[in-house]
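In: Here is the input, now give the coordinates:
(chains A, B and C)
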Amino acid sequence: MPELPEVETLRRQLEKILPGSEVLGIEVFDKSRIGELENICNCRVEEICREGKFLKLKLSGGREIVVHLRMTGHLYWLEKGDIPPAKHARLLISFLQGKICLIDPRRFATVEIRTQDKCQLKILDAYRDSITGKDLKAAAKSRKIPVKNFLLDQKEVAGLGNIYVCEILFRAGIDPWKKSCDLTTMEWNRIIKEFRPVLKRAIACRGTSVSDWKDLLGEKGSYQEHLQVYGREGQPCFRCKNPVQRKPIGGRSTFYCPVCQGVSQKK
DNA sequence: CCCTATGTTCCCAA
DNA sequence: CTTGGGAACATAGG
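Out: Next comes the predicted model:
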């Protein structure tokens, strides 16, 4: 479910509550998927970080809780005394003032306790890092996969998922099927130019609630009101009025305007 | 029964 | 060794 703006929304909300708080306990309900977690009581939360779609609670003593929400995970804040939802609650992290509850119907989310990695390889963050067209042009040299799949590859640029990649490619006027190695530096520049405005607006909207995304406090985001193509199959393109189309790439729905993005038929 | 779903990883083949 | 494609993971909803 969550892409970069949704994870960043959670990070900002947790940042208002948690720093300085002591972890009182972690309770795993779904041990078969999440596994046992090391006891980290007595640690305090020092910082909440996001790296791509990973959320990290950095703890005193050098460890961190690393959460990845995958498809359907979300975090929900429980005030002291609140009861976790009956359905799909997979884990609780308790603090004096309340608890973080991981809700995850499809059970793909992961949670780990790790030692903080000082000298990790830096992944390029789609929002925080400034990336140039030349960088991507170089990285895509010899890559024959569609540009859409390249942008979804978290090792190239971290944070984008299906919704925001569709939006960015539409705004940049790029054919999602175009081979990555065939894009010019100018085309990569057009794509990069859309990263920050799209993600910044989506963060300001607290994410996109097209199905069931809710933030830490159970509120829907509002970026769905700003989507240009995602979910608009059959509706007129906002730019040229021709119908938006949907076709799979690598098994994932891809929404696009064949006219504005120059997509040939038969695809 | 069919298809779809905001993500990632693994396996296999070229 | 690298690259790309598809299945797999598990569950709900239309």
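
In: Write out the residues of the stretch 101-250 of chain A neighbouring DNA strand C.
Out: Residues of the stretch 101-250 of chain A lying close to DNA strand C (C-beta under 7 Å from any atom of the strand) are A:105-108, A:142-145, A:149, A:180, A:250. (Glycine included, C-beta is placed from N, CA and C.)

In: Please name the nearest non-neighbouring residue to the residue of the stretch 51-200 of chain A found nearest DNA strand C.
Out: Per C-beta to the nearest atom of the strand, A:K144 is where the stretch 51-200 of chain A lies closest to DNA strand C, at 3.1 Å. Nearest-residue entry for A:K144: A:K179, 5.2 Å, with adjacent residues in sequence omitted and distances by C-beta to C-beta, 6 or more residues apart in numbering.

In: ok, that neighbour - how many residues close by?
Out: Around A:K179 there are 14 other residues, counting by other C-beta atoms under 10 Å.

In: Any idea how many residues pack against A:L160?
Out: That count, for A:L160 with other C-beta under 10 Å as the rule, works out to 27.

In: what residues are up against it?
Out: A:3-4, A:126, A:151-152, A:168 (C-beta atoms under 8 Å, 6 or more residues apart in numbering).

In: DNA strand B next: which of the residues of the stretch 101-250 of chain A next to DNA strand C are close?
Out: Okay, of those touching DNA strand B (C-beta under 7 Å from any atom of the strand), that's A:106, A:108.

In: possible to save the residues of the stretch 101-250 of chain A next to DNA strand C as JSON lines with pLDDT, distance to A:V157 and secondary structure?
Out: Below are these laid out as JSON lines (pLDDT from 0 to 100; distance: C-beta to C-beta, whole Å; DSSP: H, G, I helix; E, B strand; the rest coil):
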{"residue": "A:P105", "pLDDT": "96", "distance to A:V157": "28", "secondary structure": "coil"}
{"residue": "A:R106", "pLDDT": "96", "distance to A:V157": "25", "secondary structure": "coil"}
{"residue": "A:R107", "pLDDT": "97", "distance to A:V157": "27", "secondary structure": "coil"}
{"residue": "A:F108", "pLDDT": "97", "distance to A:V157": "22", "secondary structure": "coil"}
{"residue": "A:S142", "pLDDT": "92", "distance to A:V157": "17", "secondary structure": "coil"}
{"residue": "A:R143", "pLDDT": "96", "distance to A:V157": "13", "secondary structure": "coil"}
{"residue": "A:K144", "pLDDT": "96", "distance to A:V157": "18", "secondary structure": "coil"}
{"residue": "A:I145", "pLDDT": "97", "distance to A:V157": "14", "secondary structure": "coil"}
{"residue": "A:N149", "pLDDT": "97", "distance to A:V157": "12", "secondary structure": "helix"}
{"residue": "A:S180", "pLDDT": "98", "distance to A:V157": "12", "secondary structure": "helix"}
{"residue": "A:G250", "pLDDT": "92", "distance to A:V157": "16", "secondary structure": "coil"}
